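Peer 1: Sequence below, structure please.
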Amino acid sequence: MSTIEQIVNLVRNQREFFNSGKTLHYSYRKHQLKLLKNMLKAYEKEIHQALYSDLNKSAYETHTTELGFLYSEIDFTLKHLKKWMDPEKADAPITHKGTRNYIYKEPYGVILTIAPWNYPLHLAIAPLIGAIAAGNTAVLKPSEFTQSTSSLVAEMIKETFDPSFIAVVEGAKEVTKQLLEQRFDYIFFTGSTAVGKIVMQHASKNLTPVTLELGGKSPAIIDKDANIDLAAKRLVWGKFTNAGQTCVAPDYLYVHSKIKSKLVKAIKKYITEMYSKWPLENDDYIRIVNKNHFNRLRPFLSNGKLVIGGGFNEEDLKIEPTILDEITWNDPVMQDEIFGPILPLVTFTDLQHVITELKGREKPLALYYFGEKEKSQQNVLENVAFGGGCINDTLYHLANPHLPFGGVGNSGMGAYHGKYSFNTFSHQKSILRQTTKFDLPFRYPGSKLSFAIVKKIMK
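Peer 2: As a prediction, this is how the structure comes out:
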C-alpha cells in the first residue's frame, strides 16, 4: 500500500472513530491525557537520548525546555478540564426574556498537527494535549530534520494509543504535502512564515480553520534606565537557550547608546558563566540542527563588527554565542529571522524613534523591553503590535499556562497553552433554550403596538 493510500485510510479511520462519540466523554479524555503523561515518563531515558542525538541537548535543557513544560501542561489541563468542558451560561438582552443561553464546547473532529525541529518533542506533543482535551482525534507529523526524536515519537504514540485516535506519520515535505491534501477539520502548524502560507493555501481549499505558530524578528529593547546586569543575564539566557533556535528568542537588540558598552561587557560575563570561556568545547552546548542551517548562519558572522564570539566548529555544527555591533537594517543578518546563536545590536538614542521604526515592520512573535519607567513600558506596549512578550525578561511568558501564546500578522494566527489550547481545538457552539410558558407578542409582525414596542426596546 502506498503512503498516500495509508494516509487516506488513516484519516478515514480517525473520522469514523470520532463519529463514534467516544471522545466526547470527560472520562475518556482524562484517561488519554493520563496515558500521555505516563508515556512520557516511561520513555524519559529514550527521550533524553533522542534529543541529545538530534541537537546535543543536555539533560538540563531537555527537562526545562521539553519534558518539564509538557508535564506541567498536562497536569494543568487535567486539573481544569471538567470545568472547561461544562457549558458556559451567557447573558441575554431584554428582548430574550424567558430564554436560557449557553456556549457549548464542541470538538472539531480530526486534527492535523505539523511540528517543527527546534523543540521536536515539546512542539509535537503540546498541541496534542489541547486536541485530546477538546475531544478530537489527531494525526501528528513530526519534523524529519530531527529524525531520532521523530522516530521515537512515532514509536511512543504507536505503543500507547489506538491509531484511530492518535497516530504519527513520518516523512519529508512530500508526505506533508500529501497530508495537507486530505480533508482535516483543523490544522495546527508550527514553523516558518513561508511554509505557514503554504499550509494556509491548502487549508483554504476546504475552508479548514488553522492555527499558525510562526516567527519573525523579535526585538529586545534595552533602555538607558534598565537594570543592566539583570538585562544581560536574561538576554543571554533567552537568546542562547537551544543555541538561539527558538521562535521567541530575541532576534536583535535595540540598545540605548548611553549603556551599550556596559551591556556588552555584562553579556560577555554571562555568556562565560553559562557556557564557559570556550562554548565550542562545552559538551552541553546545543548544536545547529543540520549542515544547511549551519551554512545559512555562518556568513552572518562577517556582518558588522564582531564584539563577542564568532567562532564555529563545522564538524560539530556549533557556533559560539555571538554579538555583532554596528549593524544596520541593510545587513543580511537583519533581512530574515536568524534562528541561531547570533545577536545583532542596533544603537538608539530616542525610544520614540524605535517605536516608529517597529511600527513600519512586520509584527513579531515576541518583544522584550528592559527599562524601569512605567510610562516608557506602556508606550511600547500600547504602540507596538506583537504576539506576546515580557517587560524586563525574555521567554518567561511562555511558561505561564494562564497566558495565551501566539503570533499576529506575519508571525502567526491563533493561540494556545492552558485553556487557550482547549479553546483552540473547540468550536464554540451557541445554544438558546426558549421557554414555552409564555410567548412575547411583539416579535411577530401584524400590529402597530408590536411595532411601537420594537422601536422602543431596540432603538
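Peer 1: if I pick residue 171, what's in contact with it?
Peer 2: Counting by C-beta atoms under 8 Å, 6 or more residues apart in numbering, residue 171 touches 3, 141, 144. Quick note: C-beta positions are derived from backbone N, CA and C, even for glycine.
Peer 1: could you measure the closest residue to residue 323 other than its chain neighbours against residue 381, distance?
Peer 2: Closest residue to residue 323 apart from its sequence neighbours, by C-beta to C-beta, 6 or more residues apart in numbering: residue 308 at 3.9 Å. Applying C-beta to C-beta, to the nearest Å, the value for residue 308 to residue 381 is 30 Å.
Peer 1: more crowded one of the two?
Peer 2: Taking neighbours as other C-beta atoms under 10 Å, residue 308 and residue 381 compare with residue 308 leading, 18 against 13.
Peer 1: Which ones among the contacts of residue 171 map onto helices?
Peer 2: Those of the contacts of residue 171 mapping onto helices are residue 3, per DSSP state H.
Peer 1: can you pick the most crowded of the contacts of residue 171?
Peer 2: Result: residue 141 is most packed of these (other C-beta under 10 Å), 21 neighbours.
Peer 1: Let me see the backbone angles for the nearest residue to that one once chain neighbours are set aside.
Peer 2: Nearest non-adjacent residue to residue 141, counting by C-beta to C-beta, 6+ apart: residue 114, 4.8 Å away. Dihedral angles phi and psi of residue 114 (degrees, to the nearest 10) take the values phi -110, psi 120.
Peer 1: Tell me how many other residues surround residue 114.
Peer 2: By the criterion of other C-beta under 10 Å, residue 114 has 25 neighbours.
Peer 1: so who does it touch?
Peer 2: Going by C-beta under 8 Å, 6+ apart, residue 114 touches 141, 176, 179, 187, 188, 189, 190, 191, 199.
Peer 1: just checking, residue 80 touches residue 420?
Peer 2: No: the pair residue 80 / residue 420 is not scored as a contact, 11.7 Å apart, by C-beta atoms under 8 Å.
Peer 1: Quick check: which ranges of the stretch 1-150 of the chain have low pLDDT?
Peer 2: 1-2 (pLDDT under 70).
Peer 1: As a check, name the ranges of all helices in it.
Peer 2: 3-19, 26-42, 44-55, 59-62, 68-85, 122-133, 147-160 (DSSP state H, counting those that start in this stretch).
Peer 1: same deal with the stretch 201-350 of the chain?
Peer 2: Using DSSP H, counting those that start in this stretch, helices in the stretch 201-350 of the chain cover 228-240, 260-275, 291-297.
Peer 1: Ok, the stretch 351-459 of the chain next?
Peer 2: 351-359, 374-383, 419-424, 448-457.
Peer 1: most packed of those helices?
Peer 2: Each of those was scored by mean neighbour count; the highest is helix 419-424, a mean of 22, by mean count of other C-beta atoms under 10 Å.
Peer 1: Please save the CA atoms from it in PDB.
Peer 2: In PDB, the C-alpha atoms belonging to helix 419-424 read as follows (Å, rounded to 0.1, in the frame of the first residue of the first chain):
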ATOM      1  CA  LYS A 419      -7.300  26.800  28.500                       C
ATOM      2  CA  TYR A 420      -6.300  28.500  25.200                       C
ATOM      3  CA  SER A 421      -5.300  25.200  23.800                       C
ATOM      4  CA  PHE A 422      -8.700  23.700  24.800                       C
ATOM      5  CA  ASN A 423     -10.400  26.700  23.200                       C
ATOM      6  CA  THR A 424      -8.300  26.500  20.000                       C
END
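Peer 1: Next, the angle from the helix or strand containing residue 178 to helix 3-19.
Peer 2: Using DSSP states H and E, residue 178 maps to helix 173-180. Relative orientation of helix 173-180 and helix 3-19, computed by axes from the mean of the first three to the mean of the last three C-alpha atoms, to 10 degrees: 40 degrees.
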